[in-house]
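Q: coords please:
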Amino acid sequence: MYTRLLLPDEKSLLPTPLKGVMKEYLEAGFEIYLVGGGVRNLIMGRVPENCDLTTNATPEQSLEVLKMHSPFYNNDFGTVSYNVMVGEKEELYEITTFRSEKEYSDYRRPDNVSWGQTLEEDVTRRDFTINAMVVGIKNEKNKLSGWIPGQARNDKSESDSIKQEFELIDMVGGLEDFEKGLIRAVGEPRIRFNEDALRMLRAIRFAAKMGFVIEEKTLAAISERAELLEKISKERIREEFMKILGSNYPADGMRMLISTGLINHFMPEIMEGKGIIQGGHHKLTALEHMLEALQECPSPDPIIRLATLVHDIGKPRSQRFKCRKCGKMYRDLSDDLTTCANCGFMQPTRGMVTFYGHEVIGAKMVKEIVERLKFSRKEIDKIVTLVRWHMFAYQPEMTDAAIRRLIRKVGKENISDLVLLRIADRKGSGAKTTSWRFMELQKRIGEQLFEPMEINDIVVNGLDVMEVLNVKPGPIIGKVLKELFDEVLEDTSKNNREYLLKRIVDISQVN
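A: So this is what the prediction gives:
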């Protein structure tokens with residue numbers, strides 16, 4: 001076991017509420033330790049946030065210690081929680097009783113949980129060594145005074161005079177692994193993953209977040225146990241997957257999901273792009289291009305990053321080969337040089353490849369994927385829309401009305417994200433971030449964003465139609481408003497109340 005006192009700079013990072021609750025437990029006769037991400041923050045010179053702590057106090061005893069903080073808890077796993085103000089920010093502190101766990105028949109949650117008696121019992125059941133380091137109060141005066149842990153102190157004056165010294169305790173080599181940038185399972189990795197298969201995704205998430213590598217035995221165990229992911233709910237998989245995409249190194253995370261085989265158990269479609277050659281300026285396969293695009297995505301939003309990752313997922317199913325001379329289409333070609341069976345023209349196979357309609361096929365595939373992973377309806381619509389329209393074309397001669405139709409088709413709320421996806425697509429293909437044509441398109445989109453895009457944006461409404469025509473609510477109202485809007489969408493200068501009121505009569509007569 002390795003222990004050391006916190007350095008002065010580390011100690012100064014401990015929030016006052018954290019030091020306060022640790023002192024409260026100490027005075028009540030209990031051990032308590034900061035654990036997990038808060039410890040890592042201290043080592044990296046950051047303030048611990050939303051702290052997780054572990055204690056030998058039972059949940060009922062924790063409720064008593066924390067009674068002034070309005071605590072609440074989930075008794076099944078011994079976690080007592082309460083809200084605390086740290087500066088001007090509200091945070092959630094969670095305090096869990098030492099525990100030992102037995103049998104994981106669902107490969108996710110223990111069948112039996114018993115309260116542990118020692119810190120070692122609690123530490124050795126945790127997932128990774130970098131999560132198993134703890135920080136606690138070191139106080140030799142307690143030991144010298146004959147004070148027994150678990151027995152409340154009566155001598156408040158002595159307890160108040162105790163100088164708090166904090167120490168880092170590492171029983172599993174977590175500090176050394178952290179300094180080496182290693183994600184290593186505590187104990188035997190296969191046992192850890194059999195206990196909770198979601199830990200395999202968590203290993204990759206931590207690696208992608210911090211730029212670490214996964215230790216050899218731990219990585220091998222993930223590949224060996226990858227099929228256990230089938231036992232985990234799609235909702236939990238989605239949560240971890242989106243955290244990987246939202247990490248500092250999402251493309252590295254994806255490469256680890258692929259190399260370990262985990263991706264095959266929740267998004268196997270992505271692997272169809274492996275080895276699929278692309279024509280034109282592309283030098284990468286379809287899969288390699290999608291990974292590069294993800295790496296280059298300028299948006300931090302994991303939803304946009306997911307759309308970027310899968311934007312070309314339909315290419316393998318749409319791949320065809322077209323003779324550049326006669327136009328004959330072929331489904332499969334394997335030679336580097338191909339002689340057209342129709343006209344005899346010899347040409348490089350790479351130059352013949354096409355992916356007509358891959359964005360339509362891809363949108364359907366993506367819809368199946370995100371529905372399988374239980375995304376919300378709003379998220380599904382956004383991801384599918386971005387994939388469906390990522391191939392939007394622009395020509396300088398396009399009218400303003402055509403730009404407005406593009407925005408309307410994609411949605412105002414999605415157009416800027418579609419531009420970010422296009423930037424990632426370009427950079428993932430080895431092209432420059434932008435071009436004069438692309439810059440011009442962005443400028444024109446910006447100019448049209450505040451023009452009428454929906455029926456509600458025009459200056460007349462259904463009440464005006466009823467008043468002018470002297471009719472009650474009915475289908476004619478919607479028909480008239482739609483035709484008025486179509487005119488305004490084509491020419492925004494017509495969004496004039498006097499003009500539109502006159503047009504109501506003309507349109508009603510035609511209908």
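
Q: Just say helix, strand or coil for residue 30.
A: Look at residue 30: counting by DSSP: H, G, I helix; E, B strand; the rest coil, its state is coil.

Q: Can you tell me what sits against the helix or strand containing residue 425?
A: For residue 425, the host element (DSSP states H and E) is helix 412-428. Helix 412-428 is contacted from outside by 284, 289-299, 301, 304, 307-308, 311, 382, 385-386, 389-390, 392, 406-407, 410, 432-434, 438, 442, 445, 449, 453, using C-beta atoms under 8 Å, 6 or more residues apart in numbering. C-betas here are computed from N, CA, C, even on glycine.

Q: change it to 7 Å
A: Residues outside helix 412-428 that contact it (C-beta atoms under 7 Å, 6 or more residues apart in numbering): 289, 292-293, 296-299, 304, 307-308, 311, 382, 385-386, 389-390, 407, 410, 432-433, 442, 445, 449, 453.

Q: Mark out where each domain of this structure begins and ends.
A: 2-179, 181-266, 286-448, 455-510 (automatic domain parsing).

Q: which of the contacts of helix 412-428 count as buried?
A: For these, a burial check counting by 16 or more other C-beta atoms under 10 Å picks out 289, 292-293, 296-297, 299, 304, 307-308, 311, 382, 385-386, 389-390, 407, 410, 442, 445, 453.

Q: and residue 325, what does it touch?
A: 340, 343, 345.

Q: so where's this structure shaky on pLDDT?
A: Along the chain, the model assigns pLDDT under 70 to residues 74-76, 100-113, 139-163, 511.

Q: Please name the nearest non-neighbouring residue to the spatially most central residue of it.
A: Residue closest to the mean C-alpha point of the chain, counted by C-alpha atoms, centre = their mean, is residue 242 at 2.5 Å. Spatial nearest neighbour of residue 242, excluding adjacent residues (C-beta to C-beta, 6 or more residues apart in numbering): residue 302 at 4.5 Å.

Q: my guess is that neighbour meets residue 241, correct?
A: No: assessed by C-beta atoms under 7 Å, residue 302 is found out of contact with residue 241, at 8.6 Å.

Q: Tell me which of the two has more neighbours.
A: Using other C-beta atoms under 10 Å as the criterion, residue 302 and residue 241 rank with residue 241 on top: 24 against 19.

Q: So that one versus residue 204, what's the distance?
A: Distance, residue 241 to residue 204, by C-beta to C-beta, to the nearest Å: 9 Å.

Q: same thing with residue 73?
A: Relative to residue 204, and taking C-beta to C-beta, residue 73 is found at 31 Å.

Q: between these two, who's got more neighbours?
A: Counted by other C-beta under 10 Å, residue 73 and residue 204 do not tie: residue 204 has more neighbours, with 28 against 20.

Q: picking up where we left off before, can I get the domains of the chain in CSV with distance to residue 280?
A: Below are the domains of the chain laid out as CSV (distance: least, C-beta to C-beta, whole Å):
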stretch, distance to residue 280
domain 2-179, 44
domain 181-266, 22
domain 286-448, 8
domain 455-510, 34
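
Q: Report the separation between the two terminal residues of stretch 310-319.
A: 16 Å (C-alpha to C-alpha, to the nearest Å).

Q: List of residues touching it?
A: With C-beta under 7 Å, 6+ apart as the test, stretch 310-319 has contacts from 269-270, 272-273, 276, 286, 289-290, 293, 353, 355-359, 361-362, 365-366, 387, 390, 421, 425.

Q: now with 6 Å?
A: 269, 272-273, 276, 286, 290, 355, 357-358, 361-362, 365-366, 387, 390 (C-beta atoms under 6 Å, 6 or more residues apart in numbering).

Q: coming back round to it: check which helices and strands the helix or strand following the helix holding residue 425 sits against.
A: Once the chain leaves helix 412-428, the next helix or strand it forms, by DSSP H and E, is helix 436-448. Applying 3 or more C-beta pairs under 6 Å, 6 or more residues apart in numbering; DSSP states H and E, one finds that helix 436-448 makes contact with helix 400-410.

Q: What angle do helix 436-448 and the helix it packs on make with each other?
A: 80 degrees (axes from the mean of the first three to the mean of the last three C-alpha atoms, to 10 degrees).

Q: just checking, what packs against helix 400-410?
A: Here helix 400-410 touches helix 436-448, going by 3+ C-beta pairs under 6 Å, 6+ apart.

Q: And the next helix or strand past the helix it packs on?
A: Downstream of helix 436-448 (by DSSP H and E), the next one is helix 462-469.

Q: list the helices and strands the helix or strand following that following helix packs on?
A: Using DSSP H and E, the next helix or strand after helix 462-469 towards the C-terminus is helix 475-490. Applying 3+ C-beta pairs under 6 Å, 6+ apart, one finds that helix 475-490 contacts helix 462-469, helix 497-510.

Q: Could you dump those helices into CSV with distance to residue 258 added?
A: Shown next, in CSV, are those (distance: least, C-beta to C-beta, whole Å):
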stretch, distance to residue 258
helix 462-469, 53
helix 497-510, 56
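
Q: what's stretch 78-95 in contact with?
A: Counting by C-beta under 6 Å, 6+ apart, 15, 17, 50-53, 55, 59, 62, 66, 69, 71-73, 96-97, 99 sit against stretch 78-95.

Q: Next, the distance between the ends of it.
A: Start-to-end, stretch 78-95 (C-alpha to C-alpha) is 8 Å.
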